[in-house]
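S.K.: I need the structure of the sequence given here:
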Amino acid sequence: MKKQWASFEDRVRDIASHIWGRPCTPKRVGGVNLDGVVVLDSEIHCFIEMTENRTIAKVREDVIKLQTAKNSAFGKGILARCFCVINGTPTPGMVDAGVEQNIRVLSIDDFTKMFFDFSSYRVARDASTFGSAVNPLTGLSDETKYVPVRYLVEGRKTDAGSADIANFLRDGKTVVLLGEYGSGKSRCIREVFRILSADADESFCYPVAVDLRKSWGLGEKGEIIRRHFHDLGLDNLQSMAIKAFNAGSMVLLLDGFDEIGSQAWSNDDARLKVIRAKSLEGVKDIVVSNRSGTLVAGREHYFSNTEEMLSALGASPKDLVVIRAKNEFSDTELLEYFSNLNIEADIPEWLPRRPLICQTISDLASDQFDAMFGEEGNEIEFWNHFILVLCRRDASIHISFDPDTIYRMFVHLARLTRSKNANVGPISLHELQVAFEFATGAAPVEEASAMLQRLPSLGRISAESNDRQFVDIYILDGLRARDVANSAIGGESAIQAICSSKWTNPLGDLGQRVLSQDPRLGDKTKLSIARRAFEEGNVVLASDVIASLVRSNAEPFDFENFELFDGNFISLTLSERAVSNLKIRDSVIGELKFPASGWSNSSISNCLVSRVAGLASAAALPNWVKADADHFDSVESISRIRRIGLKPAQEILVTIIRKTFFQKGAGRKEEALLRGLSTFASKSTSTKIINILSREGLLESFRGSEGTVYTPVRSQTRRMQKILDELGSSEDPIWIEVSQL
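M.R.: You can find the predicted model right below:
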């Protein structure tokens, strides 16, 4: 807890009392008044003079006082150790003034180091890694400049920054920092450490940042603190650190309560609570015993509920502050992060804004970056890279953890979710155990139980349940696709297992593209898997494979008169590949994406569609598509037009048509017509499109009192309605010409 002293003398006396564990009080010795005297025993005393007057004359005066008192004490059989403490840096002359008399002249900072040498600790700590704030590929400390982010504070309307967290700790609060994997908890701790370090000596409040992953099996506060200093090569400071902790002048920053291994595995919830509590005994000892502030960070879903968490950590509600890291950067934070790294890129919409993902991008080689985020971009290549980074990062927690094991578990768990009612779970503890056995061939024991409870992207389904669920669809969808591909090349038994399963949850857009671009599977193999899955009853798998086969590919594909019914698609894209001889009927389609490109001898009939993308009404559906759709793309406002996904020039054309032909009024002034179009593209593009419409006899203009006014040629209304209905599917010459701008 931050100390405040009424005077410099009070500060020195307080520090002296902590150094020697005895009271330090003013006393008259040998006829002189000393600022401070510490009686170690009957034969050894410490004499201290304190001065804020940093002149050599004042120092010499204090040295004489100390020498007089020292000689007087010696005559009584008392050995005196003498110190002259200056509120500043002593000059060589000041130091020399005391040397001949064996009197140490030193600064307040050097005197404080006799209690706890924080400057040496800070250098060593800064040179070491902070939790998972590392480069996941090299294992070295992540030196990226910290991006100030805000954290949610439970029970408060206002959020908090790292400086606010530091103040909570200075005030003696227990702060529990919760966050999912890759949300920046360790970077937060590193920043809080930096803030607290800036005035640690002045405030007598020393931050000590401990990575709990290195504290396996330690059940007592002293063991954790000593191990931490030993790991930093600071064995000489271990006793000092214990003394500082006992004095209430140490703020503990404990990173990774979910990374301390338990020594057993159990499927029984009550037994697991006991196991977790046992593994956190040392952390609880610190939280309960520390008279200063303590921060404990980890993943919330490690515990069954909040009550168990607080009990296991020993946190008292009276002095508790619960803070949650946000899962993603805001747009402003994202831009600042990349700006700090001198990275210039148009961040695609598909990219999750999670800090770990952004860090992964920053570590890409230039050729990888260009391939993934260049003009074309490649989300699938990035996903493949990211999942490897994720597994390596989590495996680094303990030497016995293997990236391939974690990956195989991920894929197995993703398979389990295919038949779950909630899409992402629930996954029971027994299923976690089975996944581990599948990946390793052995039951989980010792450290493995901790890994299972803290797998990245898994979270609790509720405070009342110990079951897990995937909290990151971005990861889950790709893993499901990998599972299909792995099974398809895994031999007859693997193919039989997936084709005969009863799945309810299909692949999303990302998963379809991951499966589509998996180089291990040819299109003919995929088609045979789709046929077999359909015949054996796994229509979701058949739907997934069909959806992947129609994704981006320059080569036309013949489905050989494959007919699917009772299918289930999250999305079905018609614009990326020329397709023939495919019939889909009596199926459910979440999103049907137009325009259709090169589909022949194919049909979609009697299907229920939640949303049709790329068309604005049922009238624009081609005659080979018969669907009952709930929603079509809306062109009723600029904001809705922007959500359709058209090219900028197309968006401008749609907006101009809507404003002139389908809004009330006889005409539109040029200023009103162009208003808002700058959000799509430059003014010159808007002007070009107006000129095209005027040239083709769709708009007329006249000079009004406030500039040019444009009016629609009403005989062209039906034609304009058709363009708005068909949007990207339109073959109107106007649409084609504008699309080329």
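
S.K.: what's the neighbour count on Phe74?
M.R.: Here the count is done by other CB atoms under 10 Å, and Phe74 has 12 residues near it. For glycine as for every other residue, the C-beta is placed from the backbone atoms N, C-alpha and C.

S.K.: on the three-state scheme, it is what?
M.R.: helix (DSSP: H, G, I helix; E, B strand; the rest coil).

S.K.: could you find the closest non-adjacent residue to it?
M.R.: Leaving aside its chain neighbours, Phe74 sits nearest to Ala80 (7.0 Å; criterion: CB to CB, 6 or more residues apart in numbering).

S.K.: check Met94 too.
M.R.: Val59 (4.5 Å).

S.K.: packing partners of the helix or strand containing the one you found?
M.R.: Following DSSP states H and E, one finds Val59 within helix 56-75. Identification of packing neighbours for helix 56-75 by 3 or more CB pairs under 8 Å, 6 or more residues apart in numbering; DSSP states H and E yields strand 25-29, strand 32-39, strand 44-51, strand 79-86, helix 92-99, strand 103-107.

S.K.: just the buried positions in that helix, please.
M.R.: For helix 56-75, the neighbour count (16 or more other CB atoms under 10 Å) marks 58-63, 65-67, 69-70, 73 as buried.

S.K.: could you dump these into a markdown table with pLDDT and distance to Ile689 added?
M.R.: What follows is those, written out as a markdown table (pLDDT from 0 to 100; distance: CB to CB, whole Å):
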| residue | pLDDT | distance to Ile689 |
| --- | --- | --- |
| Lys58 | 90 | 83 |
| Val59 | 89 | 83 |
| Arg60 | 91 | 88 |
| Glu61 | 90 | 88 |
| Asp62 | 90 | 86 |
| Val63 | 91 | 88 |
| Lys65 | 92 | 91 |
| Leu66 | 92 | 90 |
| Gln67 | 92 | 94 |
| Ala69 | 92 | 94 |
| Lys70 | 91 | 94 |
| Ala73 | 91 | 97 |
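
S.K.: circling back to that earlier point, touching, the residue nearest to Met94 and Ile103? I think so.
M.R.: No. Counting by CB atoms under 8 Å, Ile103 is not a contact partner of Val59; they are 9.9 Å apart.

S.K.: quickly list what's touching both of the two.
M.R.: Here Val59 and Ile103 share the contacting residues Cys84, scored by CB atoms under 8 Å, 6 or more residues apart in numbering.

S.K.: and Ser610, which of the three is it?
M.R.: Assignment for Ser610 (three-state DSSP): strand.

S.K.: from Gly172, how far off is it?
M.R.: 54 Å (CB to CB, to the nearest Å).

S.K.: neighbour count: these two, which is higher?
M.R.: More crowded of Ser610 and Gly172, by other CB under 10 Å: Gly172, with 17 against 14.

S.K.: contacts only, for that one.
M.R.: Contacts of Gly172 (CB under 8 Å, 6+ apart): 1, 291-293, 319.

S.K.: am I right that it is in a helix?
M.R.: No. Gly172: not assigned to a helix; according to three-state DSSP it is coil.

S.K.: distance of it from Leu320?
M.R.: 11 Å.

S.K.: what do the two both touch?
M.R.: Joint contacts of Gly172 and Leu320 (CB under 8 Å, 6+ apart) do not exist.

S.K.: ok, back up a step: closest one of the contacts of Gly172 to Ser119?
M.R.: Ser292 (19.0 Å; CB to CB).

S.K.: burial count for Asn53?
M.R.: Asn53 is flanked by 12 other residues according to other CB under 10 Å.

S.K.: phi first, then psi, for it.
M.R.: Phi and psi for Asn53, reported as degrees, to the nearest 10, are phi -80, psi 100.

S.K.: repeat that for Thr129.
M.R.: According to degrees, to the nearest 10, Thr129 has phi -80, psi 150.

S.K.: so it makes contact with Arg213?
M.R.: No. Counting by CB under 8 Å, Arg213 is not a contact partner of Thr129; they are 10.4 Å apart.

S.K.: mind listing what's buried along the helix or strand containing Val175?
M.R.: Under the criterion of DSSP H and E, Val175 resides in strand 174-178. Buried positions in strand 174-178, judged by neighbour count with 16+ other CB under 10 Å: 174-178.

S.K.: again, but for stretch 312-328
M.R.: So, applying 16+ other CB under 10 Å, buried residues of stretch 312-328: 312-315, 320-328.

S.K.: also stretch 32-39?
M.R.: Buried residues in stretch 32-39 (16+ other CB under 10 Å): 32, 34-39.

S.K.: contacts for that stretch?
M.R.: Contacts of stretch 32-39 (CB under 8 Å, 6+ apart): 9, 12-13, 16-17, 20, 22-29, 45-50, 65-66, 68-69.
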